[in-house]
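Q: I'll drop the sequence and a predicted model, then ask my questions.
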Amino acid sequence: MHELPITQSLLDITLRHANAAGATRVTQIRVKIGQLSSVVDDSVQFYWNIIAKDTCAQDAELVFDRIPAVFHCAACGHSAALQKAEDYRCPECGSPDLVLDGGEELYIESIEVE
Amino acid sequence: MNIPVVEQILFANNTLAEDLRRKLDAAGVFGINVMASPGAGKTTVITGTVERLLNRLKIGYVDGDIATSIDAERIAALDVPVVQINTGGNCHLDANMLAPAVDKLPLDDIDLMIVENVGNLICPANFQLGTHINVLVASVPEGDDKPYKYPTMYRGVDVLILNKVDLLPYIPFDVERFKHGVRVLSPNLKTFEVSSLHGDGMDAWVDWLAEQVAGER
């Protein structure tokens, strides 16, 4: 349920940028969500439908772009999404020596307004 | 018309957290945010920590709980200033909830502020509080798969306290599997193995913490 304050913040930022641009309607919001940020799209959409009501962004389409956490195997150089590495071992060579990168993103990339 | 935004969704919380950090720094207070699942032993770890540091440091305690002040009463019994935040059902603390609680603590008379977050392995991970370190208390009965199931929490903390190690002979818990998951998610994590109930390992954690506090003053 941490999605409620996240959705509120999403709305605040959207309205601030829409107002600054003199827009009357927000039609789309592109959100980048990393796999490790534990944010559920459906939950954000659910709260959005309630809290964005009667704002110029109430009909905006929320587009969620999910960014995977990626591992790099220090032993063989293989690289893939973290969920491919069962028990965090390289699926190619079995090495436990993995380095993680990304997946923690949580930001608004852009909004589409009229 | 397309407007590029590129703005952190939690920008407001992060800004408030930075304000809180400045306030703590100005008062020479070292802040720690203690997170864990319900029942991992947060309050017992904190009680043991406060008891061992009472003669060395002045401590303040903030308790975040959905309801009740059971935990706060346990710590208040040790005669340290306590502020209770009842989140009213909210699953985590954020900087906005913590700020008024910090104002109720006598910061000028405190060296170490311990914040006990709401028991939850998911939501608190997203919200920085402005404390100097984030501490995760994990416990043996939770199982060795927890780093793999809650990677966000394990990736975002500075210190891991593995609690209830006295139960290792009785519970199937593969320490190496647990540690491997932790190592991949958080290679530089400072780790302590303790039994907060019986006291094993607590001195190492408390001495390390006291060193960090000394560095802040």
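A: Arrived safely.

Q: quick one, what contacts residue A:102?
A: A:34, A:67-70 (CB atoms under 8 Å, 6 or more residues apart in numbering or on different chains). C-betas here are computed from N, CA, C, even on glycine.

Q: separation between the residue in chain A that chain B sits nearest to and residue B:64?
A: Of the residues in chain A, the one nearest chain B is residue A:2, at a distance of 3.7 Å by CB to the nearest CB. Taking CB to CB, to the nearest Å as the measure, residue A:2 falls 13 Å from residue B:64.

Q: what's the answer for residue B:13, then?
A: 15 Å.

Q: over to residue B:29?
A: For residue B:29 relative to residue B:64 (CB to CB), the value is 18 Å.

Q: neighbour-wise, which of the two wins?
A: Using other CB atoms under 10 Å in any protein chain shown as the criterion, residue B:29 and residue B:64 rank with residue B:64 on top: 29 against 25.

Q: could you look up the SS state of the most centrally placed residue in chain A?
A: Against the mean C-alpha coordinate of chain A, by CA atoms, centre = their mean, the closest residue is residue A:33 at 1.4 Å. At residue A:33 the chain is in strand, as set by DSSP: H, G, I helix; E, B strand; the rest coil.

Q: contact partners for it?
A: Neighbouring residues of residue A:33 by CB under 8 Å, 6+ apart: A:39, A:41, A:64-67, A:105-106.

Q: how near is it to residue A:56?
A: Counting by CB to CB, the gap from residue A:33 to residue A:56 is 23 Å.

Q: what does chain B have sitting close to chain A?
A: B:1-13, B:90-92, B:94, B:122-123, B:125-127, B:148, B:151-152, B:155-156, B:177, B:180-181, B:184-185, B:187 (CB under 8 Å from any CB of the partner chain).

Q: change it to 7 Å
A: B:1-10, B:12, B:91-92, B:94, B:122-123, B:125-126, B:148, B:151-152, B:155, B:177, B:180-181, B:184-185 (CB under 7 Å from any CB of the partner chain).

Q: picking up where we left off before, surely the residue of chain A closest to chain B touches residue B:124?
A: No: Residue A:2 is beyond contact range of residue B:124, at 8.2 Å (criterion: CB atoms under 7 Å).

Q: quick one: least confident helix or strand in chain B?
A: Of all helical and strand segments in chain B, the minimum by mean pLDDT, DSSP states H and E falls on helix B:70-76, at a mean of 87.

Q: export that helix as CSV, just CAs?
A: Below are the C-alpha coordinates for helix B:70-76, written out as CSV (Å, rounded to 0.1, in the frame of the first residue of the first chain):
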residue,chain,number,x,y,z
ILE,B,70,3.8,-1.7,23.4
ASP,B,71,7.3,-1.3,21.9
ALA,B,72,7.6,2.3,23.0
GLU,B,73,6.8,1.3,26.6
ARG,B,74,9.5,-1.3,26.6
ILE,B,75,12.1,1.3,25.6
ALA,B,76,10.7,4.0,27.8
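
Q: which parts of that helix are buried?
A: Using 16 or more other CB atoms under 10 Å in any protein chain shown as the test for burial, helix B:70-76 gives B:71-72, B:74-75.

Q: what's opposite the residue sitting nearest the centre point of chain B in the beta bridge?
A: Centroid-nearest residue in chain B, with CA atoms, centre = their mean: residue B:34, separated by 1.0 Å. Here residue B:34 sits in beta bridges with residue B:116, residue B:135, as judged by DSSP bridges.

Q: how deep is the residue in chain B that chain A sits nearest to tucked in, by neighbour count?
A: The nearest approach of chain B to chain A comes at residue B:123, 3.7 Å away (CB to the nearest CB). Residues near residue B:123, counting by other CB under 10 Å, number 23.

Q: let me know whether it touches residue A:3 as I believe.
A: No: if you go by CB under 7 Å, residue B:123 and residue A:3 don't touch, sitting 9.0 Å apart.

Q: re earlier: who touches the least confident helix or strand of chain B?
A: The contact list for helix B:70-76 (CB atoms under 7 Å, 6 or more residues apart in numbering or on different chains) reads B:43, B:46-47, B:50, B:61, B:63, B:65, B:82, B:84, B:116.

Q: what does stretch A:19-32 give?
A: A:10, A:14, A:18, A:56-57, A:60-65, A:67, A:105, A:107-114, B:1, B:3.

Q: mind listing residues that contact the strand or helix carrying residue B:62?
A: In the assignment (DSSP states H and E), residue B:62 maps to strand B:59-65. By CB under 7 Å, 6+ apart, the residues outside strand B:59-65 that reach it are B:50, B:53, B:71-72, B:75, B:80-87, B:93, B:98, B:101, B:105, B:110, B:112-118.
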